[in-house]
Structure formats: C-alpha cells, structure tokens
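1. Build me a model:
(chains A, B, C and D)
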2 protein chains.
Amino acid sequence: MSVTIYDVAREAGVSMATVSRVLNGTAVVKDETKRKVLDAIQALGYRPNAVARGLASKKTKTIGIIVPDVSAPFVAEMVRGMEDIATMYAYQIILSNSDAQTEREIDLMGTMWEKQVDGVLFMGDRLTADLLKAFEEAQLPVVLCATVDPEGRIPSVNIDSEQAAYDATKFLTQKDCKNILLLSGPSDHPVIGEPRQKGYLKAVKEAGLQARILECSDLRYEHGLDLLQRELTSNPQPDGIIAVSDELGVASIHACLDAGLAVPDQVRVIAFDNTRLAIMVRPELTTISQPIYDMGAVAMRFMTKLIHDEPVEEFSVILPHDMTVRKST
Amino acid sequence: MSVTIYDVAREAGVSMATVSRVLNGTAVVKDETKRKVLDAIQALGYRPNAVARGLASKKTKTIGIIVPDVSAPFVAEMVRGMEDIATMYAYQIILSNSDAQTEREIDLMGTMWEKQVDGVLFMGDRLTADLLKAFEEAQLPVVLCATVDPEGRIPSVNIDSEQAAYDATKFLTQKDCKNILLLSGPSDHPVIGEPRQKGYLKAVKEAGLQARILECSDLRYEHGLDLLQRELTSNPQPDGIIAVSDELGVASIHACLDAGLAVPDQVRVIAFDNTRLAIMVRPELTTISQPIYDMGAVAMRFMTKLIHDEPVEEFSVILPHDMTVRKST
DNA sequence: CTGAAAGCGCTTACAG
DNA sequence: CTGAAAGCGCTTACAG
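-> Numbers count the residues shown, from 1 in each chain, chains lettered A, B, ... in the order given. This next block holds a predicted model:
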C-alpha cells in the first residue's frame, strides 16, 4: 500500500491533524514540529491523496471544461489559456466535448456534478432553457467563454462581436469598397451570426451601401469555398469580402483567385480570429484578432475568483479585439 | 445538503449496500427491491458522488492525459480521439500541458497520482531516465501516444515514421526527382527526426541520389519558411521537397513560389499529417496522412484494456499510414 | 500550538 | 438476496 497521512504522523511523532495543518498551512504550527513533519514526508515520499482530500473538504481543485470540440483550433487555443491559469492556481481540468449538442451538454453538467468539480467553464452555441436549468441544478459556479447569454444571467467572457464586425466593415468602406459581401454564420447564432450581421449592417448602412450576406451553416473551408465559388459566378462581383473566420477567409481568397479575381486589387478580403492560418496563405490575411487564448485565461481567472469569493468587477467581461492588417486588403 | 446514498436507502426502505448494488450492478438484487431503489433515486434526483466512490473503490474512472500542447492542431485532434473513447467507456479525462519539459512531465505524473487517475496517456518528445522513473513511481498504467520508447518498455501507439518517410521519398524518386530536400525535425527527435531521416536516406540511397537534409529546430511555418527561403537563394535548386509537417509543407510551397519556382512543375512538395491545412493552400498538398484521431482513440482503448486486465495483442501498436496525392506533386 | 474524534459518501468483504 | 459495519485517506470543528 502507499503511504498515508497516518504513516507520516507516526513517523513524525505527531497527530494526523498536525500533518494536515503543515500540508495545508491552515493553522500555525511550531517551527520544530513543522520540520519534523516535513522530514517525515520527505523520508516516506508521501503524497496526499487528492480524492480523500476532496471528499473531506468538499473541494476537488478541479474545474470542468465543456466545449463543442477541442479539435477546432479556436477551441484548442482557448483551452490552453484555461489550462495555463488553472495550473497557476493549482487546479486541474476535466475536459469534455459536447459537439454543441444541448442534450450532451446537460448530461455533462451532471457528470461534472458527480465528479464534484469546483466550477465549470462552458463554451457552446445556444443556451436553451433546459441547459440553464442544468446549470442551476448542478449548483456549481459556471462561467461562459466565447458564448453569449442574451439575458446576461450567467457570467461570461467574450469579445464585442458586433463592434468587431462593424470595424471590419468600416475598414473596407474606408478603402472605398462599394460592394461588400459578408460571409457569415447562421443568423441566429449568438456569436458568429447575429451580432456580426448587425455590426456589418450598421457600417454598410452608414456608408450608404447595399447589404449582401451569405450564410454558412458551418465554418469549414470546403463549405465556404463551395458557397463562394457559386456566388462569384452567378452574381455581380464584390469588391470586398468579410469572412467570420480565418478558414472562411482563406476560402474567400482562393475562391477569388479561382475566379480570376486579384486579391487585394479587385477584391479586398478581411477575416476573423487571426489564427496561425492567417499568415499561411498568399496574400496573407488581414484579420480581426480575437484574444482567444486570453479569453480562456480570463475565464479561468474569473472562475478562481468566484470560487474564492473574491470580488469581481464585471459580470460580463468584454475583451478588446484588434485588427492586424496584412496583404489581403 | 445534497441527497446521498443514505437518503435513497431510507426512502426505498433498504440498506445502503443494496442501493450500491443496484447502482453498480455488482450483485443480483431482487427485481422488486431494485424497482424500489430506482424509484427512490428518481424521486430524490439522486446522483452518486464520484469522489466518495473513488475513495472507497480506489478507482476514479478518470484518465490523465499529458501532452506537450493542446493548442497544436495535431495534438488537439489526438486528444479528441482519446476523449471520444473515454466517453464511450464512461471515463473522464484530466488534461495537462507539459510543453515537452521533462521536469514538468515528472511533476504532472505526481499530480496524476494525487488525483488517483486510473491511468495516464502520455505524449512527449524524449523519454528521459528521470521520466521513466516517474512513470514507475506513479504505479499507474501508462500508454505512450505518438511517442516512442526506443527500448520498448512502455506500451505505445504510433505510426511507422521511418517507413512513412521512405514512402514519401520513394514517391518523389519515382516521379524522377533527382535533388530531394528533406525538411526535417532535429536528428535526435524520436518521431519527427531520426526515423524520418533514416527512411529518407534509405530511399535516396536506393535511387542513387545525394541526400540533402535541412533540420528545423521547431516545426512552425515561419521558421520553415525562413530556413527554406535562405536555402533556395544560396543553393542549387531542389526538384523535390519532403516536409515533416503540413505547416512546413505550406512553408515549402510558399518559399518556392516566392523564389519563382513553380509547384509542382519545377519542385514537387510532399508533407506529413494531412491536417485540414493541406487543402487550404494552392496547390493543395500531397501528404502522408497519419491517423491522428485514431492514434488517440486506440491509445485510450488500449488503456481501458490495461485497466480491466483484458488481454492486449500488441505491446507497441503501429497504425498504418496512408498517402493522399494532391496537386503539389 | 496540538490531539482525539467525527465525518465526508461511498464500496466491500463478511454474515446470514 | 440483503444488512450491519468497517474502512477508503483525508479535513475540520472542538477541546485543551
């Protein structure tokens, strides 16, 4: 069997309670006693069993993370941000993929409760009533990340998608684009759909231009390429394209090139996310950079504050976005 | 307080032991009793506390995963494969990033022990003696994923990197390339270095050609582009390039285009991994596709077998690789 | 500053 | 087929 706190206590000639105290620093222990305990720990190679500790203290130092899919680069980077901060605060993470299925998300909240995590960082598409109920029933602090609660009931960390779309559009109108196409997500999507369209529409209207929106049911390269290739053959040529992800941005560039349109001379292309993909295409993509890693990091830091009852300044944190101008515009 | 197994027992008019039995199916329970218990569970909305269960049973149904960096697409996809299989077997995963630092890896093995995970899936660069000791001391089953133990002491799931590099090289020699450049990882790297170079050298030698290896200290696009741009100005022009990752493959194509070399007419480019990146470049990349997701999935399945003492056919699993031929060759 | 004891919520022999 | 009881390895009031 492995060595327990009881073995350490005996070796050091003190009680388990005292060992626990030096381990956790929960009370003052005489220096000499502390040394004896530390020596015993060293000598026996003792490591505390976090499961037993979790049961006794009702804190597991574990945070649950529910995301649609870690294998999406955006998500993976966010998770990395979360994990780094978790490590900093000596937390571990339990990671789960939901494929953005509400049913699965609800199920996972149950699992997170069973595992007695201290909190859940959640990224998803839409927040249904059932899901909100599951949040409540789990009786766990939940922080949304890159996910919007339209009614602001759950704390969250996001960027201002509407403003970002406005900025992107404005950038093109100022470059004198007259026919700007928005390659958007579904109009009812709370992050890559509705707010992006809203910001776009606002800027387009201000410039006195006609709106032109193409909705992608998913944000994959192939899908965007296909959609756009058809659009470019059958419609008047746009002179500006805003794509709501880098993948779609690369698709836009390639669709233009395939159609014999020069980027940026005939069509200016701007995208979102500023993932590494943005520099791996010719011409390199101008993108709205979202602080993806930071969103994850800030969300996790937020969680540690909630857990430790530290005061939080804002309930809905909005991180600033940025624009990185490259060759495609 | 939340409802416990004790509450369920009382509600159903049975003992805790019986509730536990129907929960876990560890013993036969009379149908009628079972129904009473199930009803009570339903009525009270009971969920078992996995932490308590873990302490009592010494099994946490949790697998630790240690990877260099989830935000790397290759890794993220592998982790997804792991998680999917974990879900299938009702396991959760604790994910940690090591940045491939031995010290951190050792530290994490300790954390994994503290968390009492049932096993650890490990991906890293080199296996040092200290790390192997940490594996041993943790007394946990460990399965390596996309990571080689040269002495085969630890079970692992990999592809045959040497054969893959040989295949890629052979493909180019058969296309009549005479000056084939290998854009490789560090020669002492057990996956993207040494075996790749070995396979390459074998094929090059068979074709009676001269070897030409360029080592990248890291596999990032920028780094490869920079290295290659310099190589192309100062050296005789290669007519074939083998890049050990898709990122480097894209860098190769761009470096050629920048130098005014047509791909594939003047230079044929072949890469590794077949990530989504491979289709997001013009011309699209021919790549050796590694079953990344599958590697993760198989490693996790392997782990469940180890945990449940199921027989395993192979200690070192080699998954078949494949070649996807596209426009770049 | 330290110890004895109860308790966290389960599982698991042991009896019957 | 079922129950009583011990035990998993800790933490946490409670005393002193």
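2. Is A:Asp309 located within a strand, as I assumed?
-> No: using DSSP: H, G, I helix; E, B strand; the rest coil, the assignment for A:Asp309 is coil, not a strand.
3. Look at it and say how many residues are nearby.
-> Counted with other C-beta atoms under 10 Å in any protein chain shown, the neighbours of A:Asp309 add up to 7. Bear in mind the C-beta positions are built from the backbone N, C-alpha and C, glycine included.
4. Next: A:Thr87.
-> Taking other C-beta under 10 Å as the neighbour definition, A:Thr87 ends up with a count of 18.
5. What helices and strands are in contact with the helix or strand encompassing it?
-> Secondary structure here is read from DSSP states H and E; on that basis A:Thr87 sits in helix A:73-88. When contacts are defined as 3 or more C-beta pairs under 8 Å, 6 or more residues apart in numbering or on different chains; DSSP states H and E, helix A:73-88 sits against strand A:62-67, strand A:92-97, helix A:292-307, helix B:73-88, strand B:92-97.
6. do you know which of those lies nearest B:Thr4?
-> Distances from B:Thr4 to each of the helices and strands packed on helix A:73-88 were compared using C-beta to C-beta; the shortest belongs to strand A:62-67, at 20.3 Å.
7. hmm, who's touching the closest one?
-> Residues external to strand A:62-67 that are found in contact with it (C-beta atoms under 8 Å, 6 or more residues apart in numbering or on different chains): A:54, A:75, A:78-79, A:82, A:86, A:91-98, A:105, A:108-109, A:112, A:115-124, A:140, A:300, A:303, B:94, B:115.
8. Using PDB, write out every CA atom in the helix holding A:Thr87.
-> What follows is helix A:73-88 as a C-alpha-only set of coordinates in PDB (Å, rounded to 0.1, in the frame of the first residue of the first chain):
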ATOM      1  CA  PRO A  73      -8.100  25.300 -33.400                       C
ATOM      2  CA  PHE A  74     -10.000  28.200 -31.900                       C
ATOM      3  CA  VAL A  75     -11.200  26.000 -29.100                       C
ATOM      4  CA  ALA A  76      -7.900  24.300 -28.500                       C
ATOM      5  CA  GLU A  77      -6.200  27.600 -28.100                       C
ATOM      6  CA  MET A  78      -8.800  28.800 -25.600                       C
ATOM      7  CA  VAL A  79      -8.500  25.600 -23.600                       C
ATOM      8  CA  ARG A  80      -4.800  26.100 -23.500                       C
ATOM      9  CA  GLY A  81      -5.400  29.500 -21.900                       C
ATOM     10  CA  MET A  82      -7.700  28.000 -19.400                       C
ATOM     11  CA  GLU A  83      -5.300  25.300 -18.500                       C
ATOM     12  CA  ASP A  84      -2.400  27.600 -18.000                       C
ATOM     13  CA  ILE A  85      -4.200  29.700 -15.500                       C
ATOM     14  CA  ALA A  86      -5.600  26.600 -13.800                       C
ATOM     15  CA  THR A  87      -2.100  25.400 -13.400                       C
ATOM     16  CA  MET A  88      -1.100  28.700 -11.900                       C
END
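9. could you give me the average pLDDT of it?
-> Looking at helix A:73-88 alone, the average pLDDT works out to 96.
10. list the buried ones in the helix or strand hosting A:Tyr200?
-> A:Tyr200 is located in helix A:194-206, with elements delineated by DSSP H and E. Along helix A:194-206, these residues count as buried under the neighbour rule (16 or more other C-beta atoms under 10 Å in any protein chain shown): A:194-204.
11. What average pLDDT does that helix get?
-> Here helix A:194-206 scores 95 as its mean pLDDT.
12. Kindly report the same for stretch A:52-68.
-> pLDDT averaged over stretch A:52-68 equals 96, rounded to a whole number.
13. how about that stretch, does it reach DNA strand C?
-> Yes: with C-beta under 7 Å from any atom of the strand as the criterion, DNA strand C is reached by stretch A:52-68 at A:52, A:55-56, A:58.
14. Just the buried ones from those residues, in PyMOL syntax?
-> Here is the PyMOL command that picks out the buried ones among these, judged by 16+ other C-beta under 10 Å:
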select buried, chain A and resi 52+55
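15. Would you mind giving the helices and strands packed on helix A:73-88 as TSV with distance to DNA strand D added?
-> Putting the helices and strands packed on helix A:73-88 into TSV (distance: least, C-beta to the nearest atom of the strand, whole Å) gives the following:
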stretch	distance to DNA strand D
strand A:62-67	15
strand A:92-97	16
helix A:292-307	13
helix B:73-88	24
strand B:92-97	18
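16. A:Leu172 - how many residues pack around it?
-> Residues contacting A:Leu172 under the criterion other C-beta under 10 Å number 28.
17. what is the closest residue to it other than its chain neighbours paired to in the beta sheet?
-> Taking C-beta to C-beta, 6 or more residues apart in numbering or on different chains as the measure, A:Leu172 lies nearest to A:Gly240, with 4.1 Å between them; neighbours along the chain are not counted. Residues found in beta-bridge contact with A:Gly240 (criterion: DSSP bridges) are A:Ile180, A:Arg268.
18. Does A:Gly240 touch A:Gln174 like I think?
-> No: using C-beta atoms under 8 Å, A:Gly240 and A:Gln174 do not qualify as a contacting pair, with a distance of 10.7 Å.
19. neighbour count winner among those two?
-> Counting neighbours by other C-beta under 10 Å for A:Gly240 and for A:Gln174 shows that A:Gly240 has the greater number, 25 against 10.
20. mind checking pLDDT for the more buried one?
-> The predicted local confidence for A:Gly240 comes out at a pLDDT of 95.
21. what separates the following helix or strand past the helix holding A:Tyr200 from the chain centre, distance-wise?
-> For helix A:194-206, the succeeding helix or strand toward the C-terminus, using DSSP H and E, is strand A:213-215. The chain centre lies 24 Å from the centre of strand A:213-215; the measure is C-alpha atoms, centre = their mean, to the nearest Å.
22. One more: stretch A:77-93?
-> Between the centre of stretch A:77-93 and the centre of its host chain there is 12 Å, according to C-alpha atoms, centre = their mean.
23. quick one: contacts of that stretch?
-> A:61-65, A:67, A:70, A:95, A:118, A:121, A:123, A:145-146, A:275, A:292-301, A:304, B:69-71, B:94-97, B:111, B:115.
24. Is the helix or strand harbouring A:Arg104 in proximity to chain B?
-> A:Arg104 belongs to helix A:102-114 when assigned by DSSP H and E. Yes: among the residues of helix A:102-114, A:110-111, A:113-114 lie within reach of chain B under C-beta under 8 Å from any C-beta of the partner chain.
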